[in-house]
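K.L.:
need coordinates for the below:
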Amino acid sequence: MATNKTIHILVIRLSAMGDVAMTVPVIMGVIKKYPEVKITVLTKAFTAPIFANIPNVKVYNADVKGKHKGILGLWKLYQELKALQIDVVADLHNVLRSSILKQFFKLSAIPLIQVDKGRAAKKALVNPKRTSFSPLPTTFKRYAEVFSKLGYPVTISEIETLSKKPIPESANSLINFEGKLKIGIAPFAAFSGKMYPLPLMEKVLSDLNASNKYSIVLFGGGKKEIEVLAKWESQFNNCSNAAGKLSFSDELSLISNLQLMLAMDSGNAHLAAMYGVPTVTIWGVTHPYAGFSPFNQPEHHALLSDRKKYPAIPTSIYGNKYPDGYDNVMETILPETIVQKISEILSVSV
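P.N.:
As a prediction, this is how the structure comes out:
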């Protein structure tokens, strides 16, 4: 479908933050390979800064709890989008809302391709009675297949990361980097099944802090999370808490300047990876085979819970389900292992 005529692609990805961030490398690849394309991303307002300053890309805010709520709200949203003169639609979400929008776009004969989430294969992957265990296609590949079906194929080697941004003044006034290696730590996740135990993470922080080689920036959100991070900030002299102190846009700029990010199987891992930051991920009852590893990260950057001891892993795709006895799977990943992995990647002696 490539042509000299400007083609306007609507990309639908409403949530969650990590999944939204995973669209970025693919969108970057499409924009670079097809300069005649412009893209509007339909997403929630809080994720809009993810797409700031990407050439030929704009964001349209979906107010799904307000004016775009329900069938009538989605009809209004469709009318607003149609007025943008959309040529084709890449639905990278494939949920009820986007499926309703699909029916509306049919009225205007606007082509819409939905991502194949591989729901059946993922269900089989988390079945404890599985007969095979092998990696599923990555989310990036699934997103790229949508653009290919629309006539704009990009290979995995053609998708790419964002450029580093200047460190914002708000971060410089908050954090004293002192010429040390800048590493980020995002210790939280949406579900307990993929969150490293806080006492063990505190041990990781203690060891990293004691080395005096790192300036550690803590990321999170929400009152309880901020309380934990504030405690660590006061406890460790090389730690600074960014949670609740920076705008999301400034957080992204700061993340882009890190030498390394340590995160769970969570959104912060994908935010760092979309800037090409080396990202170490810690996996509990989820597993990289589901296709959610951060973009372009080597396999050895993922630290996995012991499947010999806990063979049902992965017990769920999102970390929200696990059987009795699987509460402590992450304790099989020792703090010393995490510290060693960080020092290995950054070539720092421990």
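K.L.:
when you work out contacts or count neighbours from here on, use the C-alpha atoms and nothing else.
P.N.:
OK.
K.L.:
ramachandran angles for residue 240?
P.N.:
phi -130, psi 140 (degrees, to the nearest 10).
K.L.:
next, the contact list for it, please.
P.N.:
For residue 240, the contact set (C-alpha atoms under 8 Å, 6 or more residues apart in numbering) comprises 174-175, 215-218, 233.
K.L.:
sketch out the low-pLDDT regions of this protein for me.
P.N.:
1-4, 349-350 (pLDDT under 70).
K.L.:
residue ranges of the helices in it, please?
P.N.:
Listed in chain order, the helices found in the chain under DSSP state H are 17-21, 23-33, 70-82, 96-107, 119-125, 139-149, 169-172, 198-211, 223-235, 248-255, 267-273, 335-345.
K.L.:
quick check: which of these is buried the most?
P.N.:
Highest mean neighbour count of these: helix 267-273, a mean of 27 (counted as mean count of other C-alpha atoms under 10 Å).
K.L.:
give me the contact list for that helix.
P.N.:
16-19, 21-22, 161, 186, 252, 255-256, 261-263, 278-281, 294-297.
K.L.:
residue 58 reaches residue 51, doesn't it?
P.N.:
Yes - taking contacts as C-alpha atoms under 8 Å, residue 58 lies within contact range of residue 51: 7.3 Å.
K.L.:
looking at the two, which is more packed in?
P.N.:
Legend: neighbour count by other C-alpha atoms under 10 Å for residue 58 and residue 51, higher for residue 51 (20 against 17).
K.L.:
contacts only, for residue 43.
P.N.:
12-15, 59-62.
K.L.:
what number of residues are in the vicinity of the nearest residue to residue 60 once chain neighbours are set aside?
P.N.:
In space, and not counting its chain neighbours, residue 60 is closest to residue 42: 4.9 Å by C-alpha to C-alpha, 6 or more residues apart in numbering. The number of residues packed near residue 42 is 19, by other C-alpha under 10 Å.
K.L.:
tell me the contacts of residue 42?
P.N.:
Residues near residue 42 by C-alpha under 8 Å, 6+ apart: 10-14, 59-62.
K.L.:
any idea how far it lies from residue 273?
P.N.:
22 Å (C-alpha to C-alpha, to the nearest Å).
K.L.:
what's the neighbour count on the closest residue to residue 249 other than its chain neighbours?
P.N.:
Of all residues not flanking residue 249 in the chain, residue 49 sits nearest, at 5.5 Å (C-alpha to C-alpha, 6+ apart). Residues lying near residue 49 (other C-alpha under 10 Å) number 15.
K.L.:
from here on, call the first residue 248.
P.N.:
Okay, residue one is now 248; in that scheme the one you just asked about reads as residue 296.
K.L.:
and residue 296, how far from residue 264?
P.N.:
For residue 296 relative to residue 264 (C-alpha to C-alpha), the value is 11 Å.
K.L.:
how about residue 300?
P.N.:
Residue 300 is 18 Å from residue 264, by C-alpha to C-alpha.
K.L.:
just the buried ones from the contacts of helix 514-520?
P.N.:
264-266, 268-269, 408, 433, 499, 502-503, 508-510, 525-528, 541-544 (16 or more other C-alpha atoms under 10 Å).
K.L.:
most neighbours, which of the contacts of residue 487?
P.N.:
residue 463 (28 neighbours).
K.L.:
that one contacts residue 483, doesn't it?
P.N.:
No - between residue 463 and residue 483 there is no contact under C-alpha under 8 Å: 9.4 Å.
K.L.:
which residues are common contacts for these two?
P.N.:
By the contact definition C-alpha under 8 Å, 6+ apart, residue 463 and residue 483 are jointly contacted by residue 456.
K.L.:
quick check: domain ranges of the chain?
P.N.:
Here the domain parsing of the chain from automatic domain parsing is 254-404, 417-592.
K.L.:
any idea how far stretch 333-351 is from the chain center?
P.N.:
21 Å (C-alpha atoms, centre = their mean, to the nearest Å).
K.L.:
over to stretch 313-325?
P.N.:
Offset of stretch 313-325 from its chain centre (C-alpha atoms, centre = their mean): 27 Å.
K.L.:
ok, stretch 385-392 next?
P.N.:
Its chain's C-alpha centre lies 14 Å from the corresponding centre of stretch 385-392 when counted by C-alpha atoms, centre = their mean.
K.L.:
tell me what residue 428 is bridged to.
P.N.:
Residue 428 forms beta bridges with residue 461, as assigned by DSSP bridges.
K.L.:
surely it is in contact with residue 508?
P.N.:
No - contact criterion C-alpha under 8 Å: residue 428 and residue 508 do not qualify, at 11.3 Å.
K.L.:
what's the first-to-last distance across stretch 522-529?
P.N.:
19 Å.
K.L.:
check stretch 421-430 too.
P.N.:
15 Å.
K.L.:
between the contacts of residue 290, which is nearest residue 441?
P.N.:
Distance to residue 441 across the contacts of residue 290 (C-alpha to C-alpha) is lowest for residue 262, with 18.7 Å.
K.L.:
ok, that closest one - contacts?
P.N.:
290-291, 340.
K.L.:
adding distance to residue 401 as columns, could you present the residues you listed in JSON lines?
P.N.:
Formatted as JSON lines, those follow (distance: C-alpha to C-alpha, whole Å):
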{"residue": "290", "distance to residue 401": "22"}
{"residue": "291", "distance to residue 401": "26"}
{"residue": "340", "distance to residue 401": "19"}
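K.L.:
many thanks, we can stop here.
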